[in-house]
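Participant: okay, here's the prediction I keep looking at, along with the sequence it came from:
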Amino acid sequence: MDVPDDLARRAADLDVEHADAYRRELFSLPADLVYLDGNSLGALPRAVPAALADVAERQWGDRLIRSWNESDWWGAPERVGDRIGRLVGAAPGQVVVTDSTSVNLFKVFVAAARMRPQRRVVLTDPDSFPTDLYVLDGAARLAGLTVERVPPAEVATRLGQLGPDVALVSYSSVDYRTGELWDLPELTRIAHELGALACWDLCHSAGVVDVRLDDHGADLAVGCGYKYLNGGPGAPAFVYVRSEHQATFDSPITGWHGHVRPFAMEGAFDPAGGITRARVGTGPMLSILALEAALSAYDGLSVPAVRARSLSLTRFFVECLDALGHGDSVATPRDDGRRGSQVAVRHPEAYAVVQALMARGVIGDFREPDLVRLGFAPLYVSHHDAARAAVAVAEVVDGQEYEREEFRARATVT
Ligand SMILES: Cc1ncc(COP(=O)(O)O)c(C=O)c1O
């Protein structure tokens, strides 16, 4: 995988220009690997194993039950939530780490319906990540809502037609397949114009896109901890409830961690104030604390600087594909304002292309039906990595390496 000199020089210049948000030394990554799957599972921050060893050996092994107080395990969901809040533009007290994205989606969908009891329609993207669609359909059955699947570009028109029937507009900030970035400020604004609430799935934007939830008036949001936040496989998720909605946030899953007096052990649910009412039961403490340690990789970084580096990486990767004669296969918008932190490349044998790339030390993933998905986690991916990946794509495709039998057997996880 020899990178042509002109691309190598440009990569070096861009790496200098955007050095402020590059922290690969904080991650434990094999030296030569080009890891472009941080939009699926983030890399391991070096801070995590040491933190986990302390949690397991000292806090759990030695201090045992006392750690709930001594190490403030009890307050960890809100504490870690506030750290994520900084990355998504939420002032403290509006984000809590709890449950999975799927479960949090269920909570916010039903709670939103209860905040708009006279309205019966929810708008969502037909191309949403499947769990969002499944959970919304399930929540709608319970709450008596009708779900309409409307592409983001048609939301304004449909809202105009339905008017005051719409309770909620629920979209992902970034399309998980194509990497297209939707206009969160504008969609939120038009939802509000007609009195609807706006909920955002930030799985593909938290930590890489400057979503500024507070500034743009988002009502509710969810996101996962295992992609760009690097919390590890199955890391707990987060939920954002704008402070002005917290008093009326009526979760359908009322567990004791969301109770105002959890240790009074009362027989009836009385919700805690603030974001705490979005908690349910005892969280996976090892995972929550691993996520907390992982977030230290963002300490001192400004989200706009991370976003600038992310855009530079994806822009440069597309530029390399153009230079190598593969620009036509790019499925992701070239306009910076419409791109998240990934580039998707179309190919009829995309699955086998991904396997062939992996054999060359370039890791991405495959999404049906024909997408090679390459995520650029700005903290540990360099412009030189981007150039190497583009060369690998060109060589795999031009050399028809994807035809090889060994690259065609499907694994469970793609
Ligand atoms: C946009 C989006 N929402 C939700 C999920 C997954 O939700 P969960 O963490 O509950 O499996 C993903 C996973 O990739 C995703 O991309």
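Facilitator: Arrived safely. Numbers count the residues shown, from 1 in each chain.
Participant: OK, contacts around the nearest residue to residue 102 once chain neighbours are set aside?
Facilitator: Distance criterion CB to CB, 6 or more residues apart in numbering; nearest residue to residue 102, sequence neighbours excluded, is residue 131 at 4.7 Å. Using the backbone N, CA and C atoms, a C-beta is placed for each residue, glycine as well. By CB atoms under 8 Å, 6 or more residues apart in numbering, residue 131 lies in contact with 101-102, 105.
Participant: just among these, which is most surrounded?
Facilitator: Counting neighbours by other CB atoms under 10 Å, the top entry in the contacts of residue 131 is residue 105, with 28 neighbours.
Participant: helix/strand/coil for the closest residue to the ligand within the stretch 151-300 of the chain?
Facilitator: As assessed by CB to the nearest ligand atom, the ligand sits closest to residue 203 within the stretch 151-300 of the chain, at 3.7 Å. Each residue gets one of three states, and residue 203 gets coil by DSSP: H, G, I helix; E, B strand; the rest coil.
Participant: count the residues that sit near it.
Facilitator: By other CB under 10 Å, the residues close to residue 203 number 24.
Participant: state the distance from it to residue 241.
Facilitator: 17 Å (CB to CB, to the nearest Å).
Participant: now swap in residue 48 and tell me
Facilitator: From residue 48 to residue 241 the distance is 28 Å (CB to CB).
Participant: longest single strand anywhere in the protein?
Facilitator: Longest strand in the chain, counting residues (DSSP state E): strand 166-172.
Participant: now for that strand, which elements pack on it?
Facilitator: In this structure, strand 166-172 packs against helix 101-115, strand 121-124, helix 130-143, helix 155-162, helix 184-193, strand 197-201, with contacts taken as 3 or more CB pairs under 8 Å, 6 or more residues apart in numbering; DSSP states H and E.
Participant: will you turn those into CSV that also has distance to residue 315?
Facilitator: Shown next, in CSV, are the helices and strands packed on strand 166-172 (distance: least, CB to CB, whole Å):
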stretch, distance to residue 315
helix 101-115, 28
strand 121-124, 30
helix 130-143, 28
helix 155-162, 27
helix 184-193, 21
strand 197-201, 24
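Participant: let me know which of these is the nearest to residue 373.
Facilitator: Residue 373 lies closest, by CB to CB, to one member of the helices and strands packed on strand 166-172: helix 130-143, at 15.1 Å.
Participant: does any part of the closest one sit near the ligand?
Facilitator: Yes - among the residues of helix 130-143, 131-132 lie within reach of the ligand under CB under 6 Å from any ligand atom.
Participant: tell me the first helix or strand C-terminal of that helix.
Facilitator: strand 146-149 (DSSP states H and E).
Participant: with only the CA atoms kept, save that following strand in PDB.
Facilitator: The C-alpha trace of strand 146-149 is given here as PDB (Å, rounded to 0.1, in the frame of the first residue of the first chain):
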ATOM      1  CA  THR A 146     -49.300   6.500  14.700                       C
ATOM      2  CA  VAL A 147     -45.800   6.500  13.300                       C
ATOM      3  CA  GLU A 148     -45.200   8.000   9.900                       C
ATOM      4  CA  ARG A 149     -41.900   7.400   8.200                       C
END
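Participant: oh, and call the first residue 26 from now on, that's how I've got it
Facilitator: All right, first residue 26 from here; so that's strand 171-174.
Participant: chain center to it: distance?
Facilitator: 23 Å (CA atoms, centre = their mean, to the nearest Å).
Participant: what of stretch 251-267?
Facilitator: Distance, stretch centre to chain centre, for stretch 251-267: 7 Å (CA atoms, centre = their mean).
Participant: next one: stretch 426-436
Facilitator: That offset, for stretch 426-436, works out to 29 Å (CA atoms, centre = their mean).
Participant: can you give me the neighbour number for residue 389?
Facilitator: The local packing of residue 389 (other CB under 10 Å) involves 28 other residues.
Participant: higher neighbour count, residue 73 and residue 266?
Facilitator: Ranked by neighbour count (other CB under 10 Å), residue 73 and residue 266 place residue 266 first, with 27 against 22.
Participant: and the closest residue to the more buried one other than its chain neighbours, what does it touch?
Facilitator: Nearest residue to residue 266, sequence neighbours excluded (CB to CB, 6+ apart): residue 274, at 5.0 Å. Each residue near residue 274 by CB under 8 Å, 6+ apart is listed here: 136, 140, 266, 302-303.
Participant: tell me the SS of residue 293?
Facilitator: Assignment for residue 293 (three-state DSSP): coil.
Participant: dihedrals phi and psi, it?
Facilitator: Listed backbone geometry of residue 293 is phi -120, psi 150, with angles given as degrees, to the nearest 10.
Participant: what is the neighbour count of the residue nearest to residue 139 when sequence neighbours are not counted?
Facilitator: Leaving aside its sequence neighbours, residue 139 sits nearest to residue 275 (CB to CB, 6+ apart; 4.6 Å). By other CB under 10 Å, 15 other residues sit near residue 275.
Participant: now residue 194
Facilitator: Residue 194, neighbours per other CB under 10 Å, totals 28.
Participant: just so I have it, where are all the strands in the stretch 326-439 of the chain?
Facilitator: 367-371, 387-388, 390-392, 396-400 (DSSP state E, counting those that start in this stretch).
Participant: any idea which of the ones you listed is most buried?
Facilitator: strand 396-400 (a mean of 27; mean count of other CB atoms under 10 Å).
Participant: contact partners for residue 413?
Facilitator: 26, 28, 59, 387.
Participant: and for residue 394, the neighbour number?
Facilitator: Burial measure for residue 394: 10 neighbouring residues, criterion other CB under 10 Å.
Participant: excluding its backbone neighbours, what's nearest it?
Facilitator: Spatial nearest neighbour of residue 394, excluding adjacent residues (CB to CB, 6+ apart): residue 375 at 7.8 Å.
Participant: so that neighbour versus the ligand, what's the distance?
Facilitator: 17 Å (CB to the nearest ligand atom, to the nearest Å).
Participant: can you list the residues of the stretch 26-175 of the chain near the ligand?
Facilitator: 125-127, 154, 156-157.
Participant: which residues are in contact with residue 314?
Facilitator: With CB under 8 Å, 6+ apart, residue 314 has these contacts: 76-77, 80, 98, 101.
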